[in-house]
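In: can you look at this prediction? I've put the sequence above it.
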Amino acid sequence: MEIYSPQISVIVPVYNVKQYLHKCIDSILSQTFTNFELLLIDDGSSDDSGSICDEYAKLDLRIQVFHKKNGGVSAARNLGIDKAIGEWICFVDSDDWIEKETFLEIIDNIEEKKIDLVIWGYRLVYPNYSNEINVPISGCSNNKTAIDELLIMCDFQKLLESPCNKLYYTKIIKERMLKFDTNLSLMEDSKFNWNYFNSVQSIYSIKKTYYNYRINHNRESLSARHIDNLIEIRTENVAKRLNFFVNYDGKYKNQYLSFLEKDIEMAHLELILALYASNASLKQRSENIRNLIGRGKIDSLNGGFIYKLLKTQNVFFIDTILKSRYLTNRSIPYLFGLFQKLRTKYVKQLSCF
């Protein structure tokens, strides 16, 4: 009897996404490359998501469904890693979908090459518009300097945080016993990735957007639920990156250091803006701002936007400015969507003449 040996193991953690799940699974099953297994990890869904997974498993022998008690996306992905038998591992979130040629084009690019990681771009899909974020260069990076500079350029584009626009070599994950940290619900993906990057000697990058990342109200900012340790988690993440590039002295060094400093500044900003998103009272916001002022870490921001605000030590002024910034940022997607609609209408009118 021939042993089934899929080339790719696709791991999809599933939790209460019945309205999106069909599109996600269909996009995987419609791949022109067929040698894969699909592992659907039902993380204790309370809607019909688990039943939808079971129905698909009846239709396609490549699908395996695992039902587990709710433990979060990291635990679900870890179970998928344990069950995966493919040469490569790919993660897809159940809200999202992938392009039809994804696996075929990726495998065609890396076949007969010694590759430890593949990375590609993704498309942020909002209700009214989409935005592509792409890898800056295509091809194989197989020495330390080339790998460092590829990762730095990808980090500038925010392409390194998610596991869903990458193909991982299963042997590396299992030999290094790499897992997602179930004690984290914020930046656990980034921690997994940087642990993995430490084990790679070659990366293949593809300048295409194969992955569609759905932005919707269910994907609320986790910072609102991690107010106390947001800055500590972000600081640890920055430390991992600094450690990875400790010997890097190339052309992007100063620019990258500024980028990482900005990352800590953004953590301070997210920390405060999360309070507006959660409708915190003025008293709660004021207490949080005072805590930030008293942290003693302001000088690390090197004169950035938050630095200048916090140095005023005027709680009411800081709250007013940040609330205005929150309301402006929240309006941008809607204003951009309206602009796109008006532009489309205008183009259609012109075409009538």
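Out: Structure received.
In: His210 falls within a strand, correct?
Out: Just to correct that, residue 210 is Tyr rather than His. Yes - under DSSP: H, G, I helix; E, B strand; the rest coil, Tyr210 falls within a strand.
In: just give the closest residue to it, not the sequence neighbours.
Out: In this structure, Tyr210 finds its nearest non-sequential neighbour in Thr102, 4.1 Å apart by Cβ to Cβ, 6 or more residues apart in numbering. C-beta: built from backbone N, CA, C; applies to glycine.
In: tell me, how many residues neighbour the one you found?
Out: The tally of other residues near Thr102 (other Cβ atoms under 10 Å) stands at 24.
In: my guess is it meets Gln31, correct?
Out: Yes - with contact defined as Cβ atoms under 8 Å, Thr102 reaches Gln31; the gap is 6.5 Å.
In: got any ranges where this protein has weak pLDDT?
Out: For the chain, the stretches flagged by pLDDT under 70 are 1-3, 217-231, 265, 268-269, 271-272, 292, 294-307, 329-353.
In: Ala239 belongs to a helix?
Out: Yes - the assignment for Ala239 by three-state DSSP puts it in a helix.
In: now do it against Cys90, distance only.
Out: For Ala239, the distance to Cys90 equals 28 Å [Cβ to Cβ, to the nearest Å].
In: same deal with Val73?
Out: Distance, Val73 to Cys90, by Cβ to Cβ: 15 Å.
In: so which of those two has more stuff around it?
Out: Higher neighbour count among Val73 and Cys90: Cys90, with 26 against 20, using other Cβ under 10 Å.
In: quick check: next helix or strand after the helix or strand the more buried one falls within?
Out: Per DSSP states H and E, Cys90 falls inside strand 88-91. Note on strand 88-91: by DSSP H and E, the next helix or strand toward the C-terminus is strand 97-98.
In: I'd like to know which elements that next one is packed against.
Out: Contacts defined by 3 or more Cβ pairs under 8 Å, 6 or more residues apart in numbering; DSSP states H and E place strand 97-98 against helix 18-29, strand 203-214.
In: what sits up against the first one?
Out: With Cβ atoms under 8 Å, 6 or more residues apart in numbering as the contact definition, helix 18-29 has outside contacts at 10, 12, 14, 17, 36, 38, 40, 45, 47-49, 52-53, 56, 60, 62, 92-100, 214.
In: list buried residues within the residues you listed.
Out: Buried by 16 or more other Cβ atoms under 10 Å: 10, 12, 14, 17, 36, 38, 40, 45, 49, 52-53, 56, 62, 92-99, 214, out of the contacts of helix 18-29.
In: what's the domain layout of this protein?
Out: Domain assignment for the chain by automatic domain parsing gives 8-214, 222-343.
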